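>>> mind looking at a prediction? Sequence and model below.
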Amino acid sequence: MHPITWHSVDHSLDECIKCNICTSYCPVSAVTDKFPGPKYVGPQAQRFREIGQPYAPDQSVDYCSGCRVCNDVCPAGVKIAEMNTRARAQIVVKEGIPLRNWLLGRNELLGKLGSIAPQLANLALHNPLSRLLAEKTMGIARKAPLPTWSTKGTLADWLRRTARKRLKADKKVVYFHGCATMYYEPFVGKAAIAVFEHHGYEVIVPPQNCCGLPMLSNGEFKAALGYHQSNCTKLASFARAGFPIIGTSTSCTLTLKEEAPELLDMTDDASTQLKLATWDIFEWLRELHARGELRTDFRPLALKLPYHAPCQQRAHRIGKPALEILALIPGLDVRESMARCCGIAGTYGYKEEKYQIAMDVGKELFRFVQEQGAEIPYTSCDSETCRWQLEHGTQIPSRHPIEVLAAAYGLYDLEKRNII
């Protein structure tokens, strides 16, 4: 077992001034008594979990969704969400991991298996009987917005079919697609590649793994370490060569930049190089705009678009670059959500005992969308699970901001989710 050590995360607990700001903002403790709040479960309980202390599990830490709102509002910079994640890892080391959590942590494996026969996989996963059985036997909530496998092939399939059409150029970027784009939403990857090529960049899509975030969130640090080390092996050479590594899943890019290196104490050269080279896609596009290199040959989009910056995007601490870029599109009326969290928090809302908590947390966001009027055709969000939760809670289709940008360039059909 990879040892769980306690460096910068644990050192930050002594900065806690017990102000309770984190608890007052916490979206989970606001809707359930099962989670007593970030201060209690985080820095206050952490002192009883330090190395050398007797094992003292506090199962309430499992009700932390990992949304990081507590980190965002803490005036002292205490890394509360990371403490809670490490506390879950301690419990897994001592007590093992339930089959449900083991499965939910393996997005890449499930994606690969389902893509062999996607129609059959969708039927097996999404019929009422199988959902009921999954809830009763494994605790996977029957109503939770589980993804649907692409029936038109994976992103890799599309890349093989269109290899001769792809742009070859001196300027190059490396695309980190993530599991969702590979197996469930290849149209997001197509839109991103179209935008890269529209700016004259050749897109390199090297072999890569799941970023490991679902494993980290479920306390499987040893398995997550293997995934992160594999990504370092496959991608660090591109980073050393000076290529930006750009992702469309803001959760994946945060994991490569910060979550995996910090939680797993990865300080080797490959991990550092990958961390420094990784960009969230709109972060990179904003940099392009700052250099005067962003193309602004937009077609007007007469569209009112509610936009939610997900928790993982805010955790990048880069502002909200998608809002800045979308604001350049003529006719587009972007309405920013101020909701704290959609509630889903990766795999959190998929769990039977947490499903209603996730929906109660999401009510703030769902209500915001409904307040924008009945004529809203889409919502927008940078995170795949948040988009699925948005669709589940509002019954309105959701689009990645890169899909909206590609449509404004005339490269993409926003309704059919196809490259034009």
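All right, it came through fine.
>>> check contacts around residue 243.
Counting by CB atoms under 8 Å, 6 or more residues apart in numbering, residue 243 touches 172-174, 204, 277. C-beta coordinates here come from the backbone N, C-alpha and C atoms, glycine included.
>>> ok, and what's touching stretch 31-47?
Contacts to stretch 31-47, defined as CB under 8 Å, 6+ apart, come from residues 10, 12-13, 16, 18, 20, 22-23, 26, 28-29, 53, 58, 60-61, 63-64, 70, 78, 80-81, 83-84, 87, 357, 360-361.
>>> 7 Å instead?
For stretch 31-47, contacts defined as CB atoms under 7 Å, 6 or more residues apart in numbering pick out 10, 13, 16, 18, 20, 22-23, 26, 28-29, 58, 60-61, 63-64, 70, 78, 80, 83-84, 357, 360-361.
>>> hmm, back to that, filter the contacts of residue 243 to the buried ones?
172-174, 277 (16 or more other CB atoms under 10 Å).
>>> now tabulate the residues you listed in JSON lines and tack on distance to residue 49 and secondary structure.
As requested, the buried ones among the contacts of residue 243 are exported to JSON lines (distance: CB to CB, whole Å; DSSP: H, G, I helix; E, B strand; the rest coil):
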{"residue": "172", "distance to residue 49": "45", "secondary structure": "strand"}
{"residue": "173", "distance to residue 49": "41", "secondary structure": "strand"}
{"residue": "174", "distance to residue 49": "38", "secondary structure": "strand"}
{"residue": "277", "distance to residue 49": "34", "secondary structure": "helix"}
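>>> okay, those residues in CSV with distance to residue 321 next?
Below are those laid out as CSV (distance: CB to CB, whole Å):
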residue, distance to residue 321
172, 21
173, 16
174, 19
277, 17
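>>> can you pull out the low-pLDDT segments for the protein?
Within the chain, the segments meeting pLDDT under 70 span 1-11, 50-57.
>>> domain-wise, how is it divided?
Per the record, the chain has its domains at 8-96, 100-138, 155-289, 295-419, by automatic domain parsing.
>>> for this structure, which segments count as strands?
172-176, 202-204, 245-247, 278-280, 303-308, 332-336, 379-381, 398-399, 412-413, 418-419 (DSSP state E).
>>> next one: the longest one to chain centre, how far?
Strand 303-308 has its C-alpha centroid displaced from the chain centroid by 19 Å (CA atoms, centre = their mean, to the nearest Å).
>>> name the residues that touch that strand?
322-323, 331-337, 339, 342, 365, 368-369, 372, 375-381, 386, 390, 404.
>>> ok, that strand: who's next to it in the sheet?
Sheet pairing for strand 303-308, assigned by DSSP bridges, gives strand 332-336 (parallel), strand 379-381 (parallel).
>>> so what's residue 21 up against?
Residue 21 sits next to 73-75 when contact means CB under 7 Å, 6+ apart.
>>> let's see that with 10 Å instead.
Listed by CB atoms under 10 Å, 6 or more residues apart in numbering, the contact set of residue 21 reads 38-39, 70, 73-76.
>>> return the closest of those residues with respect to residue 288.
residue 73 (31.1 Å; CB to CB).
>>> any idea how far residue 345 is from the most centrally placed residue in the chain?
For the chain, residue 251 is the residue whose C-alpha lies nearest the centre (CA atoms, centre = their mean; 2.7 Å). Separation of residue 251 from residue 345 (CB to CB, to the nearest Å): 10 Å.
>>> and for the two, which residues touch both?
Joint contacts of residue 251 and residue 345 (CB under 10 Å, 6+ apart) are 217, 310-312, 383, 385-386.
>>> returning to that earlier point: among the domains of the chain, which is nearest residue 145?
Closest of those to residue 145 is domain 295-419, at 3.8 Å (criterion: CB to CB).
>>> quick check: end-to-end length of that closest one?
18 Å (CA to CA, to the nearest Å).
>>> now swap in stretch 299-309 and tell me
Across stretch 299-309, first to last residue, CA to CA, it's 24 Å.
>>> can you give me how far it is from the chain middle?
What separates the centre of stretch 299-309 from the centre of its chain is 21 Å, taken as CA atoms, centre = their mean.
>>> how about it: buried residues?
For stretch 299-309, burial by neighbour count (16+ other CB under 10 Å) applies to 301, 303-309.
>>> switch the residues you listed over to TSV; also include distance to residue 353.
As requested, the buried residues of stretch 299-309 are exported to TSV (distance: CB to CB, whole Å):
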residue	distance to residue 353
301	41
303	38
304	37
305	34
306	30
307	31
308	25
309	28
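>>> residues near the closest residue to residue 183 other than its chain neighbours, how many?
Distances taken as CB to CB, 6 or more residues apart in numbering place residue 111 nearest to residue 183, at 3.3 Å, with adjacent residues excluded. Residue 111 has 22 neighbouring residues, counting by other CB atoms under 10 Å.
>>> I figured residue 111 hits residue 177, correct?
No: taking contacts as CB atoms under 10 Å, residue 111 lies outside contact range of residue 177: 11.1 Å.
>>> next, show the common contact partners of those two.
154, 183.
>>> circling back to that earlier point, just send the contacts of residue 243 back as a markdown table, with distance to residue 155 too.
Listed next are these as a markdown table, based on distance: CB to CB, whole Å:
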| residue | distance to residue 155 |
| --- | --- |
| 172 | 18 |
| 173 | 15 |
| 174 | 14 |
| 204 | 14 |
| 277 | 21 |
